[in-house]
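J.: Just a sequence and a predicted model for now, questions to come.
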Amino acid sequence: MTPAQVQAYFTRSDGAYVFARWGRPIVPVVFGVADETLAVIKGACEAVVTLAGHKMAETDPELGANLMVFFCTDWAELPEVPNLDRLVPDLEPLVARLQAADANQYRVFRFDEDGGIKACFVFIRMDEAMRKVPADTLALGQMIQSIILWSDEAFLGGSPMARLPDGRVVMKPEVGAVIAAAYDPVLPVVAHDASHALRLFARLQVS
């Protein structure tokens, strides 16, 4: 990878450079799936968190759970979830935008006073396209995109995952390397200057 490629992962569509990683242990909870799928999602979360060298916990002292994954068949179901509007401000306008865009996934991040990620809400609408995706592939993709605040354009040109000749789907090595480097203790939890990409690139060379 080049410094420019690393920088592109965190350069948003408005030109701003924004990087953030989790500033606290991750506590996942999943709604709307069967037990077997729940195990797959939590397994993917554990794998990505381990790769990052970060931590998971049984509970978050402020929120109880801080990585919440919601599966639904229609966006109209979200406002019916008890207290979700307290966790996700402007929930009904968000639902209207998702319906208008015919979206099938969306993530909302919340940040602590230092700018680190303190919560992530993942919404997945199981439309025809999503139903064709194997559970382990879907879970891995969502966890990759939840472990760091990537640019809104980071994966428009291609998935963060790749299919092996034997049919297995895995995280692309360069994406995994960026995640691991991003959680290096020498790097900040949050950055708004593109010089951070150079430091991140330097950690990639060390690893």
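T.: Received the coordinates, thanks.

J.: what's the burial count for Met68?
T.: 22 (other Cβ atoms under 10 Å). Any C-beta I mention is one placed from the backbone N, CA and C, and that applies to glycine too.

J.: got the contact list for the residue nearest to Ala181 when sequence neighbours are not counted?
T.: Among residues not flanking Ala181 along the chain, Arg203 sits closest, at 3.9 Å (Cβ to Cβ, 6 or more residues apart in numbering). Applying Cβ atoms under 8 Å, 6 or more residues apart in numbering, we find Arg203 in contact with Ala181, Asp184, Val186, Leu187.

J.: Can you tell me the SS state at the third one?
T.: Just to be clear, that refers to Val186. Look at Val186: counting by DSSP: H, G, I helix; E, B strand; the rest coil, its state is coil.

J.: again with Ile124
T.: Classification of Ile124 by three-state DSSP places it in strand.

J.: before we move on, back to that, ranking by neighbours, what's the top pick from the contacts of Arg203?
T.: Of the contacts of Arg203, with other Cβ under 10 Å as the count, Ala181 tops at 22 neighbours.

J.: Now for that residue, which secondary structure element holds it?
T.: Assigned by DSSP states H and E, Ala181 falls within helix 173-182.

J.: Over to Gly43?
T.: Going by DSSP H and E, Gly43 is part of helix 35-52.

J.: can you state the direction angle for the next helix-or-strand element following that helix and helix 35-52?
T.: Going down the chain from helix 35-52, the next helix or strand is strand 67-72, by DSSP H and E. Interaxial angle of strand 67-72 relative to helix 35-52 (axes from the mean of the first three to the mean of the last three Cα atoms, to 10 degrees): 150 degrees.

J.: Next, give phi and psi for the most centrally placed residue in the chain.
T.: Nearest to the geometric centre of the chain sits Ser146, at 1.3 Å (Cα atoms, centre = their mean). Main-chain torsions, Ser146, degrees, to the nearest 10: phi -110, psi -10.
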